[in-house]
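[1] Please find the sequence and the predicted model below.
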Amino acid sequence: MAVSTVYTTQSLNPNCSFSTPSKTHLGFHQKQVVFYTTGKKTNKRSSSNFSSPYVIKCAAGDSQTIVIGLAADSGCGKSTFMRRLTSVFGGAAEPPKGGNPDSNTLISDTTTVICLDDYHSLDRTGRKEKGVTALDPRANNFDLMYEQVKAIKNGVPVQKPIYNHVTGLLDPPELIKPPKILVIEGLHPMYDSRVRDLLDFSIYLDISNEVKFAWKIQRDMAERGHSLESIKASIEARKPDFDAYIDPQKQYADAVIEVLPTQLIPDDNEGKVLRVKLIMKEGVQYFSPVYLFDEGSTISWIPCGRKLTCSYPGIKFFYGPDTYFRNEVSVLEMDGQFDRLDELIYVESHLSNISTKFYGEITQQMLKHSDFPGSNNGTGLFQTIVGLKIRDLFEQLTASKAKTPVAATKS
Ligand SMILES: Nc1ncnc2c1ncn2[C@@H]1O[C@H](COP(=O)(O)OP(=O)(O)OP(=O)(O)O)[C@@H](O)[C@H]1O
Ligand SMILES: O=C(CO)[C@H](O)[C@H](O)COP(=O)(O)O
């Protein structure tokens, strides 16, 4: 295999050099390679696959990107969470300017969110031919994911492939420059131990089957015209691989947002009122779990009354210590939904360690995005809180790095 000219990122980082890839680096499919000369495509590619055409090695830059992993199944609220997170840092997130209109990447001043679907090694037809789902590790290129996340973390731009959800094909790659914060979101951010070890913080969105089903119906039936039968069939078809490869990642997460049916309405099967748990691992550097009233105590709180308007079935909070996959955790739980979002300030004022910069910041964020799904319940509240904790973690990590001399080289 001859590699001619590759897209050169050297102009962006003079510390980098290139070499041809090893077999391992190319991984599962090494036949289809894209060659570039300074952004111009010079050789054809197969639509069925794409692997990185080169290996980049760079000396240390001045800055290091902080990497956050967000894992969840498809349709479980990752995009909504990302919009809340980006908003905490100010500014809107947009696809790369002038790039592929079907890019899955979102860039704002501080954050770049890349979707791990872009590391599918098999396109839609390829998966069908091999009889594997996108959740199956064999349909994903973890070698490339690891190399590229590591490169970005070390301040090196990469040419990341794009999985096109419109066509089901792998498109030519896009340039990803190292941001201050890189979020890798998708099915497998914590599956491969090498990628997992690159994460500074990890989150898992754990949506129970009942709720997932209700959300899928809402989106795919109401908004996309799918039939009830096809939605059920698609959930069932994914379930074995979801259980085998996606769900186990939650054991590694620093924070889990678990979404369950309410316990306030007996035998509820509508899935509209939700019980949401924020499970926060203890002992994570730069992350101090949020607490209600008194740290470490076990507390059950019904805030409805004079200061919080509640209609049926009301609102119930719970806070306390627990264990989760043999780790010590703190759990904050909210069951029910807010009638008036402006009154959330009452709840916010009873929470501590929320990493706000001013009184009422959570309420302000929630009001700002009141049209996002989950704004009246624990999903929106806890996503906003995790966003604030990530901002705090980023600021602490940046401050600590500023004090530490930069190492001579990084691998
Ligand atoms: N907190 C929530 N409350 C109610 N519905 C929600 C919530 N979050 C997401 N949904 C529903 O799920 C759908 C998918 O949400 P979103 O696009 O954020 O998920 P996603 O994980 O990014 O999906 P995909 O991976 O398929 O792009 C929304 O259109 C909405 O119907
Ligand atoms: O689980 C998924 C993550 O988003 C998708 O189903 C997977 O990426 C395949 O996408 P498509 O259905 O568009 O071919």
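    Received, thanks. Residues are numbered from 1 along each chain as shown. Ligands and ions are numbered 1, 2, ... in the order given.
[2] okay, CA-based contacts and neighbour counts for the rest of this
    Noted.
[3] Test my guess that H350 contacts E295.
    No. Using CA atoms under 8 Å, H350 is not in contact with E295, being 11.7 Å away.
[4] just to confirm, which helix or strand has the residue in the stretch 201-350 of the chain positioned nearest to ligand 2 in it?
    With CA to the nearest ligand atom as the measure, R238 is the residue of the stretch 201-350 of the chain nearest to ligand 2, at 8.5 Å. R238 belongs to helix 228-241 when assigned by DSSP states H and E.
[5] cool, K128 as well?
    helix 124-130.
[6] Give me the secondary structure label for the residue positioned nearest the centre of the chain.
    The centroid of the chain falls nearest to L70 when counting by CA atoms, centre = their mean (2.6 Å). Of the three states, L70 takes strand according to DSSP: H, G, I helix; E, B strand; the rest coil.
[7] And K401, by the same measure?
    The three-state assignment at K401 reads helix, by three-state DSSP.
[8] what residues are up against it?
    By CA atoms under 8 Å, 6 or more residues apart in numbering, no residues touch K401.
[9] quick one, phi/psi of the residue of the stretch 101-250 of the chain found nearest ligand 2?
    Relative to ligand 2, the nearest point of the stretch 101-250 of the chain is H165 (3.9 Å; CA to the nearest ligand atom). Here is the backbone geometry of H165 (degrees, to the nearest 10): phi -70, psi -20.
[10] Quick one: low-confidence residue ranges for the stretch 101-250 of the chain.
    For the stretch 101-250 of the chain, no stretch has pLDDT under 70.
[11] can you map out the helices along it?
    Applying DSSP state H, counting those that start in this stretch to the stretch 101-250 of the chain gives helices spanning 124-130, 142-153, 193-196, 209-216, 228-241.
[12] Of those helices, which stretch is the most buried?
    Among these, ranked by average contacts under mean count of other CA atoms under 10 Å, first place goes to helix 142-153 (a mean of 22).
[13] helices or strands up against that helix?
    Under the contact criterion of 3 or more CA pairs under 8 Å, 6 or more residues apart in numbering; DSSP states H and E, helix 142-153 touches helix 23-26, strand 158-163, helix 193-196.
[14] How many residues are close by the closest residue to ligand 2 within the stretch 251-400 of the chain?
    Per CA to the nearest ligand atom, the residue of the stretch 251-400 of the chain with the smallest distance to ligand 2 is P373, at 18.1 Å. P373: 13 surrounding residues under other CA atoms under 10 Å.
[15] Next: the one 5 residues further on.
    Summarising burial for G378: neighbours were counted as other CA under 10 Å, giving 27.
[16] re the thing from before, to F325, which of the helices of the stretch 101-250 of the chain lies closest?
    Closest of these to F325 is helix 193-196, at 16.9 Å (criterion: CA to CA).
[17] on that earlier part again, give the burial count for the residue of the stretch 101-250 of the chain closest to ligand 2, as a bare number.
    For H165, using other CA under 10 Å, the count is 15.
[18] Surely it is in contact with D102?
    Yes. Applying CA under 8 Å, one finds H165 in contact with D102, separated by 7.4 Å.
[19] dump the residue contacts of D136.
    By CA under 8 Å, 6+ apart, the contact set of D136 is D241, Y245.
[20] ok, now how distant is it from L122?
    Computed as CA to CA, to the nearest Å, the D136 to L122 distance reads 10 Å.
[21] likewise A255?
    Using CA to CA, A255 is found at 30 Å from L122.
[22] Check F287 too.
    Using CA to CA, F287 is found at 37 Å from L122.
[23] and the stretch 51-200 of the chain, which residues reach ligand 2?
    Within the stretch 51-200 of the chain, the positions near ligand 2 by CA under 6 Å from any ligand atom are S74, D117, R124, A134, H165, G168.
[24] These also near ligand 1: which ones?
    Okay, of these touching ligand 1 (CA under 6 Å from any ligand atom), that's S74.
[25] In a markdown table: the helices and strands packed on helix 142-153, plus distance to P313.
    Below are the helices and strands packed on helix 142-153 laid out as a markdown table (distance: least, CA to CA, whole Å):
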| stretch | distance to P313 |
| --- | --- |
| helix 23-26 | 55 |
| strand 158-163 | 43 |
| helix 193-196 | 40 |
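[26] among those, which is nearest ligand 1?
    strand 158-163 (12.5 Å).
[27] Return the list of helices and strands in contact with that closest one.
    Looks like strand 158-163 contacts helix 142-153, strand 170-176 (3+ CA pairs under 8 Å, 6+ apart).
[28] I176 contacts P161, doesn't it?
    No. Between I176 and P161 there is no contact under CA under 8 Å: 10.0 Å.
[29] Of those two, give the one with the bigger neighbour count.
    The residue with more neighbours, out of I176 and P161, is P161; 26 against 19, by other CA under 10 Å.
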